[in-house]
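Trainee: Any chance you could fold what I've pasted below:
(one chain, ligands or ions: 2)
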Amino acid sequence: MFKWLLLFAGAGLFYLWIKGKKQAQFNAENPPKPNNKPERPTAPEVMVQCQYCKVHLPQPEAFTFDNRFYCSKEHLHALDSNGWVGDAQWRISPNQDTRPENVIPDLVVIHHISLPPGDFKNQSSSQHIVDFFQNKLDPNKHPYFAQIADQKVSSHFLITRSGDLIQFVSTQNKAWHAGISSFFDREKCNDFSIGIEMEGDGDSPFEASQYQVLANLITKLASTYPHLQFAGHSDIAPGRKTDPGIYFDWKKFQKETGISPEKLPFGLSSR
Ligand SMILES: [Zn+2]
Ligand SMILES: [Zn+2]
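Mentor: Numbers count the residues shown, from 1 in each chain. Ligands and ions are numbered 1, 2, ... in the order given. Predicted structure coming up:
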């Protein structure tokens with residue numbers, strides 16, 4: 001019995017050996033055809049850098065805003081360590097300089113502006129303000145522009161009628177928005193303040209979307225600058241300036257930002 005089993009196993013092995021030899025011969029005679037199909041070109045993965053935290057990531061995974069990239073929504077919506085807000089349009093103004101040494105902003109000044117005054121019908125009127133802060137205002141476009149085109153002014157932020165947020169100067173630097181001014185005996189308010197322009201005039205209410213964008217911006221600023229107080233331009237330059245004017249709703253501002261009324265030393269009444 002055992003003999004038979006051995007015989008069978010031997011025959012099996014012999015069969016496999018022969019089969020293997022044949023396959024090797026076949027392979028030698030029929031070399032595999034070279035694959036002439038061109039390989040599908042794979043696009044090199046474009047890497048971008050998060051503007052906020054500098055981490056590198058593939059572009060399709062990044063959040064993009066105003067030609068900048070962010071690794072997360074959180075970083076897109078934050079104020080970065082250089083004093084720039086991620087979800088603002090950056091339109092750098094040359095009208096700025098450095099703050100005095102060791103001065104951290106502790107005041108926000110609210111303004112209004114429209115160019116020409118009272119004209120804020122469309123996006124092009126917002127663009128006039130951008131041009132003005134970038135020293136690019138065309139004096140031939142309007143008689144009023146001819147009067148102001150040479151002024152060198154700026155603010156940190158502009159909130160347009162349609163709720164766009166535009167930033168001109170880093171919060172770490174001094175924007176030229178307040179002029180001759182005094183905040184409780186502290187002069188030259190530009191040194192220690194952040195200027196925010198609301199597109200509008202003294203004769204009409206501001207848009208609800210402008211208050212929302214403003215409240216959002218204040219939340220970001222307050223998390224970096226915890227000692228901020230808030231005033232209107234007319235509060236720090238009385239007799240010389242009237243903005244943001246009687247239509248700026250300080251109660252609504254306080255309610256939407258949730259800041260303590262003590263941080264509004266000029267009160268909540270319209271003025
Ligand atoms: Zn990031
Ligand atoms: Zn002003």
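
Trainee: which residues in this structure form helices?
Mentor: Counting by DSSP state H, one finds helices in the chain at the ranges 2-29, 73-76, 123-133, 143-148, 208-224, 233-236, 250-257.

Trainee: mean pLDDT for the ones you listed: which is lowest?
Mentor: The weakest mean pLDDT among these belongs to helix 2-29, with a mean of 55.

Trainee: and the closest residue in space to residue 155 that isn't next to it in sequence, how far is that from residue 54?
Mentor: Leaving aside its sequence neighbours, residue 155 sits nearest to residue 195 (C-beta to C-beta, 6 or more residues apart in numbering; 3.7 Å). (C-beta placed from N, C-alpha, C; glycine too.) Distance of residue 195 to residue 54, computed by C-beta to C-beta, to the nearest Å: 28 Å.

Trainee: And residue 212, by the same measure?
Mentor: Look at residue 212 and residue 54: by C-beta to C-beta, they are 30 Å apart.

Trainee: With neighbour numbers in mind, choose between those two.
Mentor: residue 212 (13 against 9; other C-beta atoms under 10 Å).

Trainee: pretty sure that one is touching residue 165, no?
Mentor: No: if you go by C-beta atoms under 8 Å, residue 212 and residue 165 don't touch, sitting 10.5 Å apart.

Trainee: Distance from stretch 79-90 to the middle of the chain?
Mentor: Stretch 79-90 sits 5 Å away from the centroid of its parent chain (C-alpha atoms, centre = their mean, to the nearest Å).

Trainee: Quick check: end-to-end length of it?
Mentor: End-to-end distance of stretch 79-90: 12 Å, with C-alpha to C-alpha, to the nearest Å as the criterion.

Trainee: ok, the residue of the stretch 101-250 of the chain with the smallest separation from ligand 1 - how many residues close by?
Mentor: Closest approach between the stretch 101-250 of the chain and ligand 1, counting by C-beta to the ion: residue 220, at 15.4 Å. Close neighbours of residue 220, defined as other C-beta under 10 Å, add up to 17.

Trainee: residues touching it, list them.
Mentor: Residue 220 sits next to 77, 78, 79, 85 when contact means C-beta atoms under 8 Å, 6 or more residues apart in numbering.

Trainee: Which residue ranges of the stretch 101-250 of the chain form strands?
Mentor: 107-113, 157-159, 165-167, 173-175, 182-183, 186-187, 193-199, 229-232 (DSSP state E, counting those that start in this stretch).

Trainee: Against which helices or strands is the first one packed?
Mentor: Contacts of strand 107-113 with other secondary structure elements, assessed using 3 or more C-beta pairs under 8 Å, 6 or more residues apart in numbering; DSSP states H and E, are made with strand 193-199, strand 229-232, helix 233-236.

Trainee: can you do 10 Å?
Mentor: On a contact count with 3 or more C-beta pairs under 10 Å, 6 or more residues apart in numbering; DSSP states H and E, strand 107-113 meets helix 123-133, strand 157-159, strand 193-199, helix 208-224, strand 229-232, helix 233-236, helix 250-257.

Trainee: ok, that strand near ligand 2 or not?
Mentor: Yes: applying C-beta under 5 Å from the ion, one finds strand 107-113 touching ligand 2 at residue 111.

Trainee: Which neighbours in the sheet does that strand have, and how are they oriented?
Mentor: Note on strand 107-113: by DSSP bridges, its sheet partners are strand 193-199 (parallel), strand 229-232 (parallel).

Trainee: Repeat that for the fifth one.
Mentor: Next to strand 182-183 in the sheet, as set by DSSP bridges, lie strand 186-187 (antiparallel).

Trainee: Check the fourth one too.
Mentor: Looking at strand 173-175 with DSSP bridges, its partner strands are strand 96-98 (antiparallel).

Trainee: in stretch 189-197, what's buried?
Mentor: 189, 190, 192, 193, 194, 195, 196, 197 (16 or more other C-beta atoms under 10 Å).

Trainee: Next up, the contacts around the second one.
Mentor: Translated: residue 190. Counting by C-beta atoms under 10 Å, 6 or more residues apart in numbering, residue 190 touches 96-97, 99, 105, 109, 154, 174-179, 181.
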